[in-house]
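# predicted model, plus sequence, below.
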Amino acid sequence: MRSVFGFLVLMITVLNAGSAPSDPSLFYQEVVQKIKEESIHPFDEKRLMDSCLEGMITSVDKSGRYLNEEEYETLYLSSKPVAGIGLFITQKRNRILVKSVVDSSPADKANLQKGDEIVQIDGILVRDLGFDKVVAELRGSPNTKVKLTVLKAKSSKPIELQLTRKVVTIDLISSFMFEHDIAYFKISSFAQDALSEMLEDVATLYEAQHHKINGMILDLRDNPGGIMNSGIAITSLFLENEKVILTVKSRNKEEKKQYKNTPQDYEGTEYVEKIEALSFLKHVPLVILVNADSSGSAEIVSAVLQEYNRATIIGTPTFGKDTFATLFPLSTNTTAVKFATARWSTPKGKSVWPSGVIPNIEISQGKEEEDLPLSEALRVLQTK
């Protein structure tokens, strides 16, 4: 797609000879006509237009995207459930790698594993797609099929797999206890229900422990972020009331908003009693685990609690994303664009871009069967 867009930009530049177009649509039509008449390569005119629009958005925001009719309908408008194959993926340069697989999902049954590379989706090279586009291509209606070309880890020969999409249930938060009364919570993403599920899980463990939790590990590794308010809400659980959590600035530098540790700032008014019942969270020794795939709201939690000296951060530097995106439906047809419209900073005005959150203790994963950051977290909490 990028190569097609680049070609169009070049053609427009040549045709226009440096002058500002009075009617850009005429230039687009002329380029399309030239391609129709002269190109030796086959092309789809709708995909050509989609590529142009995608290129417009990504030229101002690399993480932004244009959603065509099918994508917008599937992801945002359809009342039907969205299905997938049960994969968490990550992008390394132009490569799409499997990060983890949901138990009993179509991907799990097809024996996809961490480190496998997705090369093609339904015959389209993933290097021609942005990350969000890959995610959209993997999703679809329940019981529809998707064909993957996959390069298994430690293999040089790709294989083809055909999977059937299913509605996959994923536990947003998982939790359990370690020795020495140390509680562990893994948050997979900051979805809308993150606060309610966190409160429920904490309350369950707290009661089972007879109100004895001596330390807590919050595992935000591979957490891609999610909803800003959910990130603020989880952060608020560990801070005293009225603490400033974020400052958010829009394009207009005069417009900025501060979010504080008050329920109305993160849509948490219905949870006040439950939060007060778990007030031990305000002072329990806390370690947060992060890595390069911890992004967005995961970085809000880590950066703010680190700045207040409320948590020890262990792992590797985070992704480094300090922007929020807004979805804008387009009035001309059933499509939409999504791009960054605001930037956040910590209470002291610090940004996580481009270096990410730098851990207090930097330590890598180690071998696959090891978990050195988790072992270090347990050591730190056991000494407190």
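Yep, it's here.
# can you tell me the centre-most residue of this protein?
Against the mean C-alpha coordinate of the chain, by Cα atoms, centre = their mean, the closest residue is Pro224 at 3.0 Å.
# that one contacts Glu299, doesn't it?
No: Pro224 lies out of contact with Glu299 (Cβ atoms under 8 Å); the separation is 10.5 Å. (C-beta placed from N, C-alpha, C; glycine too.)
# neighbours of the closest residue to the residue nearest to the centre of the chain other than its chain neighbours, how many?
Beyond its immediate neighbours in the sequence, the residue positioned closest to Pro224 (Cβ to Cβ, 6 or more residues apart in numbering) is Ser295, lying 5.3 Å away. For Ser295, the neighbour count with other Cβ atoms under 10 Å is 21.
# Three-state assignment for Ser295, please.
coil (DSSP: H, G, I helix; E, B strand; the rest coil).
# how is the protein divided into domains?
Partitioning the chain according to automatic domain parsing yields domains covering residues 2-60, 80-164, 173-382.
# want to throw those domains into JSON lines with distance to Thr74 and mean pLDDT?
Conversion of those to JSON lines gives the following (distance: least, Cβ to Cβ, whole Å; pLDDT from 0 to 100):
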{"stretch": "domain 2-60", "distance to Thr74": "15", "mean pLDDT": "72"}
{"stretch": "domain 80-164", "distance to Thr74": "6", "mean pLDDT": "89"}
{"stretch": "domain 173-382", "distance to Thr74": "11", "mean pLDDT": "94"}
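# verify the contact between Gln113 and Val101 for me.
Yes: counting by Cβ under 8 Å, a contact exists between Gln113 and Val101, whose distance comes to 6.6 Å.
# okay, those two: which has more neighbours?
When Gln113 and Val101 are compared on other Cβ under 10 Å, the one with more neighbours turns out to be Val101, at 21 against 14.
# I'd say the more buried one and Ile85 touch.
No: applying Cβ under 8 Å, one finds Val101 not in contact with Ile85, separated by 9.1 Å.
# which neighbours do these two share?
In terms of Cβ atoms under 8 Å, 6 or more residues apart in numbering, Val101 and Ile85 are both contacted by the residues Ala107.
# most packed of the domains of the chain?
Of these, the one with the most neighbours on average (mean count of other Cβ atoms under 10 Å) is domain 173-382, at a mean of 18.
# tell me where the stretch 51-200 of the chain has strands.
Shown for the stretch 51-200 of the chain, the strands assigned by DSSP state E, counting those that start in this stretch span residues 65-67, 87-92, 95-101, 117-121, 124-125, 145-151, 159-164, 173-178, 182-187.
# now for the longest strand belonging to the chain, which elements pack on it?
With DSSP state E setting the assignment, residue counts place strand 336-345 as the longest strand in the chain. For strand 336-345, the elements it packs on are helix 45-60, strand 65-67, strand 244-250, strand 323-329, judged by 3 or more Cβ pairs under 8 Å, 6 or more residues apart in numbering; DSSP states H and E.
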